[in-house]
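Novice: Have a look; sequence and predicted model below, questions after that.
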Amino acid sequence: MASQSELHDQISAMWNLYRKYLPDVAKAYDELPMEVYKDGALPGKIKRLMALTGALVHGCRACLLFQTDQALAAGATVEEILEACAVAVSLGGTMGAGEATRVVEFLHEKGLLSEFK
């Protein structure tokens, strides 16, 4: 399997290049997530875990890597992320399970799964 960390970095670099050429679109795009993922009736961490589940079921590799990173930054634990993956497996069957392996690899590459060894 390709390095999920490298894939995440490549996608981020290409998105930053896109932002350079269409800054107004990028700015408009950034405003919605800033509003959506802030703490409200649901904490931002929970919203990120919800987004991760959606990304897994939909099969969006860029989304699931980004949402995993954002969930971690929002204070999600590895256990919470893995449980969000379990919801995606329940909803998405084989597609959810297959995409969940990317999250597991990404967490492993970050050294966050050592406690499970």
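Specialist: Yes, it's here. Residues are numbered from 1 along each chain as shown.

Novice: From now on I want contacts and neighbour counts done on CA atoms only, so please keep to that.
Specialist: OK.

Novice: what's near enough to touch Ala71?
Specialist: 45, 48-49, 81 (Cα atoms under 8 Å, 6 or more residues apart in numbering).

Novice: Then Leu72?
Specialist: If you count contacts by Cα under 8 Å, 6+ apart, Leu72 has them with Val78.

Novice: what's the helix or strand for it?
Specialist: According to DSSP states H and E, Leu72 maps onto helix 61-73.

Novice: distance between that helix and the chain's centre?
Specialist: 2 Å (Cα atoms, centre = their mean, to the nearest Å).

Novice: What residues sit buried inside it?
Specialist: For helix 61-73, burial by neighbour count (16 or more other Cα atoms under 10 Å) applies to 61-72.

Novice: Please apply the same query to stretch 34-51.
Specialist: Under the neighbour-count criterion of 16+ other Cα under 10 Å, stretch 34-51 has 37, 44-51 buried.

Novice: which ones among the residues you listed are found in helices?
Specialist: Counting by DSSP state H, the part of those found in helices is 44-51.

Novice: Quick check: closest non-adjacent residue to the residue sitting nearest the centre point of the chain.
Specialist: When Cα atoms, centre = their mean is applied to the chain, the residue found nearest the centroid is Gln67 (2.0 Å). Counting by Cα to Cα, 6 or more residues apart in numbering, Gln67 lies nearest to Leu52, which is 5.3 Å off, once chain neighbours are set aside.
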